[in-house]
Structures are given as structure tokens and as C-alpha cells.
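this is the structure alone, sequence omitted:
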């Protein structure tokens with residue numbers, strides 16, 4: 001599967017709102033401060049979230065690092081646009 005987002009895409013991200021499966025979120029893992037990831041929320045897992053990338057063969061996600069703490073979610077991606 002091709003990546004949903006590409007280099008040069010700009011994202012509008014909101015920090016407010018409820019998180020639900022299917023939404024795309026920006027996360028900053030506490031183990032990697034300053035490194036942002038874009039992932040799709042798959043499911044709630046206890047008090048945590050399971051997130052996966054759309055490109056399974058190239059994605060570093062919950063399949064490799066496990067569920068994430070809700071505090072690691074920076075915000076939800078509302079839409080993207082490409083800079084002209």
C-alpha cells in the first residue's frame with residue numbers, strides 16, 4: 001500500500017477532540033522526544049491506543065512498539081494540502 005501522506009504535504013492538526021478508531025493522528029512517543037509520527041488509530045487497548053501506519057511494510061508502529069499512551073497523541077489530522 002502506498003503511503004497516505006508524502007513529502008511536501010502540509011497537515012492541519014487540531015489538539016482538541018475525541019480520538020476514535022479510523023482517525024489519523026500525530027504522535028510523539030515519550031521514548032523519542034521531538035520525533036513526530038503520523039499514524040492511524042486502529043483500536044483502544046485498555047487505557048492505551050493501538051496505532052498503525054498505512055504502509056505496513058515500511059511502518060514503525062504499534063506492531064513493533066506496542067500500544068501508546070494517550071498523552072503521546074499530539075492531535076488529529078483534519079486535512080492535508082500540497083504546497084504549490
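Thanks, I have the structure now. Just so you know, these numbers come straight off a predicted model, no measurement behind them.

please name the nearest non-neighbouring residue to residue 26.
Closest residue to residue 26 apart from its sequence neighbours, by C-beta to C-beta, 6 or more residues apart in numbering: residue 74 at 4.4 Å. For glycine as for every other residue, the C-beta is placed from the backbone atoms N, C-alpha and C.

quick one: residues contacting that neighbour.
When contacts are counted by C-beta atoms under 8 Å, 6 or more residues apart in numbering, residue 74 touches 13, 15, 25, 26, 27, 28, 36.

strands paired with the helix or strand hosting it, and their directions?
Taking DSSP states H and E as the criterion, residue 74 maps to strand 73-82. According to DSSP bridges, strand 73-82 forms sheet pairs with strand 9-14 (antiparallel), strand 24-28 (antiparallel).

mean pLDDT lowest where, among those?
Of all these, strand 9-14 carries the lowest average pLDDT, namely a mean of 92.

pLDDT weak spots in this structure?
Low-confidence regions of the chain, defined by pLDDT under 70, span residues 1-3, 83-84.

as a check, name the ranges of all helices in it.
With helices called from DSSP state H, the chain shows them at 62-65.

tell me who's in contact with the residue nearest to the spatial centre of it.
The residue lying closest to the centre of the chain (C-alpha atoms, centre = their mean) is residue 39, at 2.5 Å. Neighbouring residues of residue 39 by C-beta under 8 Å, 6+ apart: 24, 25, 27, 51, 52, 53, 59, 61, 62.

who touches the first one in this structure?
The neighbourhood of residue 24, defined by C-beta under 8 Å, 6+ apart, consists of 4, 38, 39, 40, 41, 76, 77.

of those, which is the most crowded?
Among those, residue 39 has the most neighbours (other C-beta atoms under 10 Å), with 23 neighbours.

quick one: that one from residue 24, how far?
Distance, residue 39 to residue 24, using C-beta to C-beta, to the nearest Å: 7 Å.

distance check, residue 51 against residue 36.
From residue 51 to residue 36 the distance is 13 Å (C-beta to C-beta).

overlap in contacts of these two?
In contact with both residue 51 and residue 36: residue 27, using C-beta under 8 Å, 6+ apart.
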